[in-house]
Structures are given as structure tokens and as C-alpha cells.
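Asker: One predicted model, sequence on top.
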Amino acid sequence: MKKIMMVVMVGLLAIGIMGCGKSESTSASPKQTTFQKAKKDKRVVVGFANEKPYAYATSDGKLTGESVEVARVILKRLGIKEMDGVLTEFGSLIPGLKADRFDMITAGMFITPERANEVDFANPDYSIGEAIAVKKGNPYHIKSYEDIKNNSEVKVGVIAGTAEANYVKESGVNASQITVISDNPSALSALQSGRVDVITMTGPALRSLLDTAKSNNVEKVKGFKQPVINGKSVKGYGATVFRKQDDDFREAFNKELEKMKKDGELLKILKKYGFTENELPGDVTTEQLIK
């Protein structure tokens, strides 16, 4: 079984490691690119945020999830057999990648122009909408971000560093109504305890969270109205993330991803993690998304 380094990066990216071994920089030498080093070592280190269904560690320590398994297939086709994982808070993934704590990010991260200023994205491997959960019975009758904005009593929980945190703000929700939370399980706990009245994340992430928790006092809102930002309905596209200097790695990854779309392997993986054919990214490219 491949080793997984379970790490939470806090503050100045201090790292604690569960299990044996010692974290070390993944950066390549000046004469060697990250891709060349990974092919030579037949090993790569990925950053992930323990968010089902995108990337997470199972109870027996196996690194898996939609984003992880897509990357695993591609990396094997590129001759890179081993994948080690570094567990990181979502908001610290990009800083961790830039600091050479890992070689790439496999966390189902949404492609946004702001993030693309700091890192490079492969082409998307899925597309998805947003979702919300509330207390059983939906006491505030929330069906949209607009409903949150229009009721100053409502507190919404968002995960630090996520696209949803920006969507809520851009929908006009007052900052005093927004509670920033470190991860999905903590968001659910905040909702159950009454610290917030609604939580928001992508549809598959929320479904997986509630399925795992089997909570009787919260529910996913049916008929949620997708947010409209700057006149456009929001639809997120997720992808693997690379450092700016790793063009050769990203380009090789994209070529194999395109083959997976054509041979049906991508859809097969998506279905395994609760996605449907509707969540395929189609022919949309990262270049189109960050314009």
C-alpha cells in the first residue's frame, strides 16, 4: 500500500506528519523539471484536503476520491506509479504547492481567474453546481443565496479558500452573516450546533458529507437556485493544479486526460464517486474559463 503523509498546514505552513518518515521538499533540481524528476523516481507527492468525493483518505489510509483517481490513471500512463498524499487545509493548498510541499494538487479545486494568477490548472475533469444544507424543516425557508442576503438573522458557513466563500460575498450577503470554517465536517458540526443556519459547498461534496454523517436534524435543500454572479449562472469546473513553472507536466497530463474523455475512462471514474454524465466537463478548457 502506498504511503500517505497526513499533514495539516497551519500558520506558516508548519507540517506535522502522521506515520513514519519525514517531509521533504518536492522541488526539482535546476537541471530537472518536476515532471522529469517524477518520471525518474516513478513517484509524485500530491496535496489534498480530505473532502469527499474529490480527495480523501479512507479509514485504512488509502488515498482516493474522484480527483485522486483521475490523476492516478493519468500518472500511471505517464510512467509514475506511486502517489503519496499530503493532507492540507483547503486554504493552504496553493501556498503549499508554491512552497514545494508537494508536486501537484488533487483536491477537485475549482478553476478561477484569481487562482490562475498564482498556479496553473490542467483542463477540467468535472463540472458541478452548488448546494446548501439547513436544519430539518428549513426554518428560514432558504432556497438561494439571495434568501440569505435578504434575512440578516441568517448565518451561513463557508469553507475557507473555496469558491463558495466568494460566491456568497458576490451575491451580496453581508460579511457579518458569514462564518468561515476550516473544513466540511466542521461546517456540518456548526450547522448541527446552531452556530450557523446554513452551509454551502458543491453538490457532490454536500451529498457525501450528509451520507457519511447520517444526521437526522439537517437536510440538503431541494430546488436550490444556483447563484448568479455578474449576470451569469455559476457552474464550477474542477481540475488538477500545477506550479507555474511545470508546463511540461501539465501539458502531458492534459493529453492523457483528453484520451480518458474519449475512451470513457473519465466517466467511469466520475460515476464511481456519485457524479453523472451531466457532470462531465465537455470540451471546456481552462484557457476559456480564466478569460
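Answerer: All right, it came through fine.
Asker: Report the buried residues of stretch 108-127.
Answerer: Buried residues in stretch 108-127, counted by 16 or more other CB atoms under 10 Å: 108-111, 115-116, 119-127. Placement of C-beta: from N, CA and C, glycine included.
Asker: okay, how far is it across that stretch, tip to tip?
Answerer: End-to-end distance of stretch 108-127 (CA to CA, to the nearest Å): 10 Å.
Asker: residue boundaries of the strands in the stretch 151-291 of the chain?
Answerer: 156-159, 178-181, 198-202, 218-220, 228-229, 232-233, 236-242 (DSSP state E, counting those that start in this stretch).
Asker: Could you name the helices and strands sitting against the second one?
Answerer: Identification of packing neighbours for strand 178-181 by 3 or more CB pairs under 8 Å, 6 or more residues apart in numbering; DSSP states H and E yields strand 156-159, helix 163-170, helix 184-193.
Asker: cool, and the longest one?
Answerer: With contacts defined as 3+ CB pairs under 8 Å, 6+ apart, strand 236-242 has these neighbours: helix 66-77, helix 93-98, strand 104-110, strand 120-121, strand 126-128, helix 247-263, helix 286-289.
Asker: Quickly compare the ones you listed and say which is most buried.
Answerer: Greatest average neighbour count among those goes to strand 104-110 (a mean of 27), per mean count of other CB atoms under 10 Å.
Asker: That one pairs with which strands, and in what direction?
Answerer: Strand 104-110 has the following strand partners under DSSP bridges: strand 43-48 (parallel), strand 236-242 (antiparallel).
Asker: so the last one versus helix 247-263, what angle?
Answerer: Relative orientation of strand 236-242 and helix 247-263, computed by axes from the mean of the first three to the mean of the last three CA atoms, to 10 degrees: 140 degrees.
Asker: Now do strand 236-242 against helix 163-170, angle only.
Answerer: Between the axes of strand 236-242 and helix 163-170, defined by the same axes, to 10 degrees, the angle is 130 degrees.
Asker: Could I get the buried residue list for strand 236-242?
Answerer: Using 16+ other CB under 10 Å as the test for burial, strand 236-242 gives 236, 237, 238, 239, 240, 241, 242.
Asker: Just confirm the third one contacts residue 112, I think it does.
Answerer: No: with contacts counted by CB atoms under 8 Å, residue 238 stays clear of residue 112, the gap being 10.7 Å.
Asker: still on that earlier bit, ok, of the buried residues of stretch 108-127, which one's closest to residue 251?
Answerer: Of all these, residue 122 has the smallest distance to residue 251: 9.0 Å, by CB to CB.
Asker: Wait, the closest one touches residue 246, no?
Answerer: No: judged on CB under 8 Å, residue 122 makes no contact with residue 246 at a distance of 10.4 Å.
Asker: Let me know the helix or strand that the residue lying farthest from the centre of the chain is in.
Answerer: Relative to the centre of the chain, the most outlying C-alpha is that of residue 31, 31.7 Å out, by CA atoms, centre = their mean. Assigned by DSSP states H and E, residue 31 falls within no helix or strand.
Asker: For the helix or strand of the chain with the lowest mean pLDDT, give me every contacting residue.
Answerer: When the helices and strands of the chain are scored by mean pLDDT, DSSP states H and E, strand 232-233 comes last with a mean of 78. The contact list for strand 232-233, computed with CB atoms under 8 Å, 6 or more residues apart in numbering, reads 226, 227.
Asker: Paired strands for it, with orientation please.
Answerer: Neighbouring strands of strand 232-233 in its sheet, by DSSP bridges, are strand 228-229 (antiparallel).
Asker: quick one: average confidence on stretch 84-97?
Answerer: Stretch 84-97 shows a mean pLDDT of 96 in the predicted model.
Asker: follow-up on the earlier one: select, out of the strands of the stretch 151-291 of the chain, the one closest to residue 259.
Answerer: Across the strands of the stretch 151-291 of the chain, closest to residue 259 is strand 236-242 (CB to CB), at 15.0 Å.
Asker: thinking again about what came up before, any chance of the buried residues of strand 236-242 in TSV, with pLDDT and distance to residue 179 too?
Answerer: Formatted as TSV, those follow (pLDDT from 0 to 100; distance: CB to CB, whole Å):
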residue	pLDDT	distance to residue 179
236	89	21
237	95	26
238	97	24
239	98	28
240	98	30
241	98	26
242	98	32
